[in-house]
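A.B. asks: I'll drop the sequence and a predicted model, then ask my questions.
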Amino acid sequence: MKVVLTMARYLLELSAADYWRAIILYGLNTATYKLALGQCLVNFTTQGKTRVSMSELAEEFFDIYKDRLENGKPQLDHVSRRTVMETIVELYNLGKLTRNQAIEEVEKRAFDDVIPRFHTVYRTPVEVQFYEHTSTGLILTDSLYAVFEHGDSQEFRDELDSRWSLLEAAFEMKRERSTLANDIMRFYLRKGNLARSDVTHTIPVLNGYQEGVCFYCGEKMPPGSIHVDHFIPWKVVRHDEIWNLVLAHGFCNEQKSDALPARQYLEKLIMRNEYFIASNHPIKNKLIAALGDTRIERRRCILEHYERARHVVKHTWDGIRGYNPGTDKFYKTFIRRIYRC
């Protein structure tokens with residue numbers, strides 16, 4: 001509750017452009033609808049619209065998806081399902097729906113979740129609204145035009161497209177079923193566990209190295225905001241060995257999700273484990289037993305795990321332009337304000 005209240009106080013201090021970036025970059029996405037709606041809003045500002053009927057919105061939404069789906073990428077974080085938009089566009093391409101019929105289906109079926117949930121970040125409603133939803137359509141607000149009428153608007157457009165591409169890559173990874181990936185998953189499943197265990201008891205040990213600083217963004221973690229994260233996702237390694245555990249903000253952990261951290265974080269993990277061994281920490285023997293007797297052996301062991309995981313987890317957590325949490329000033333400012341006391 002404290003984090004949510006702090007988040008609400010922080011959001012009151014953001015500019016309209018900051019709200020927009022937070023919604024696009026940090027929103028939780030199980031599908032790409034929020035990004036498609038964001039693209040519609042961008043297009044409407046280019047057209048100078050202030051009011052948009054639901055049929056106009058449906059037509060724009062349909063055209064965006066019709067063009068986007070030409071790349072063949074999935075739009076949903078579910079291996080055995082597709083979005084309503086994927087189905088509608090396919091039926092249109094097969095000639096089973098006319099354009100008008102397809103747009104009518106979009107208006108009836110596509111907006112129930114995305115319109116009311118667009119203005120949220122980290123499960124918290126934001127104060128600035130980029131549209132008002134009425135029974136007949138959307139009223140575009142001055143806040144939306146404030147974002148896209150200044151010189152940095154192209155950067156925001158590029159970020160939206162980059163975020164969409166990153167989601168498609170993540171969804172595609174879940175649907176790939178190569179022989180090698182399956183072999184790797186079976187290898188770890190045989191050696192690992194069927195269910196997660198509670199790893200919060202490792203916080204004091206890991207915090208001895210991190211000293212209250214998030215492994216991913218480098219910002220302070222107030223008490224109560226510390227999460228234990230499996231660096232190589234648990235769904236791959238299926239174990240809770242301490243060499244693979246790091247401490248992170250809940251927000252950073254949520255953003256990383258089941259992605260594989262970028263290579264610079266791998267080097268940081270290797271150095272962290274060597275620090276514990278060199279300092280004769282009580283977990284030294286556990287690390288040596290798990291990774292090897294020498295620095296070279298331990299490095300090779302972690303690199304092997306990482307490379308195997310790359311065959312299963314096809315994307316790394318650095319896919320959005322300017323999004324590297326360790327260097328992106330906007331991300332770091334966002335973290336500091338969320339978690340300040």
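C.D. replies: Received, thanks.

A.B. asks: mean confidence for stretch 203-218?
C.D. replies: Throughout stretch 203-218, pLDDT has a mean value of 92.

A.B. asks: Repeat that for stretch 274-294.
C.D. replies: Here the average pLDDT along stretch 274-294 is 93.

A.B. asks: swap in stretch 333-341?
C.D. replies: Stretch 333-341 comes out at a mean pLDDT of 74.

A.B. asks: List the buried residues for that stretch?
C.D. replies: Under the neighbour-count criterion of 16 or more other Cβ atoms under 10 Å, stretch 333-341 has Phe334, Ile335, Arg337, Ile338, Tyr339 buried. C-betas here are computed from N, CA, C, even on glycine.

A.B. asks: Identify those among those residues that sit within helices.
C.D. replies: Phe334, Ile335, Arg337, Ile338, Tyr339 (DSSP state H).

A.B. asks: I'd like the distance between the second one and Ile203.
C.D. replies: Spelled out, that is Ile335. According to Cβ to Cβ, to the nearest Å, Ile335 and Ile203 sit 19 Å apart.

A.B. asks: try the last one
C.D. replies: According to Cβ to Cβ, Tyr339 stands 16 Å off from Ile203.

A.B. asks: rewinding a little: which one of the buried residues of stretch 333-341 is nearest Arg190?
C.D. replies: Ile335 (38.2 Å; Cβ to Cβ).

A.B. asks: Now do that closest one against Arg163, distance only.
C.D. replies: 18 Å.

A.B. asks: likewise Ala16?
C.D. replies: 18 Å.

A.B. asks: which one of those two has more residues nearby?
C.D. replies: Shown here are Ala16 and Arg163; by other Cβ atoms under 10 Å, Arg163 has more neighbours (23 against 19).

A.B. asks: Which of the helices or strands spans Val228?
C.D. replies: Element membership for Val228 (DSSP states H and E) is strand 226-230.

A.B. asks: Kindly report the same for Ala248.
C.D. replies: Element membership for Ala248 (DSSP H and E) is strand 245-249.

A.B. asks: chain center to that strand: distance?
C.D. replies: 16 Å (Cα atoms, centre = their mean, to the nearest Å).

A.B. asks: Can you check what angle separates that strand from strand 226-230?
C.D. replies: Angle, strand 245-249 to strand 226-230, by axes from the mean of the first three to the mean of the last three Cα atoms, to 10 degrees: 140 degrees.

A.B. asks: residues making contact with strand 245-249?
C.D. replies: For strand 245-249, the external contacting residues (Cβ atoms under 8 Å, 6 or more residues apart in numbering) are 199, 202-203, 206-207, 210, 214-217, 219, 221, 225-231, 256, 269, 272, 335, 338-339.

A.B. asks: still on that earlier bit, would you format the buried residues of stretch 333-341 as CSV with distance to Ile283 included?
C.D. replies: As requested, these are exported to CSV (distance: Cβ to Cβ, whole Å):
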residue, distance to Ile283
Phe334, 33
Ile335, 28
Arg337, 34
Ile338, 31
Tyr339, 27
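
A.B. asks: ok, of the residues you listed, which one's closest to Leu140?
C.D. replies: Distances from Leu140 to the buried residues of stretch 333-341, taken by Cβ to Cβ, are shortest for Phe334, at 25.3 Å.

A.B. asks: so what's the backbone phi/psi at the closest residue to Leu269 other than its chain neighbours?
C.D. replies: Once flanking residues are discounted, Leu269 sits nearest to Phe231: 5.4 Å by Cβ to Cβ, 6 or more residues apart in numbering. With angles defined as degrees, to the nearest 10, Phe231 sits at phi -60, psi -60.

A.B. asks: Same check on Asp240?
C.D. replies: When read as degrees, to the nearest 10, the backbone of Asp240 gives phi -120, psi 30.
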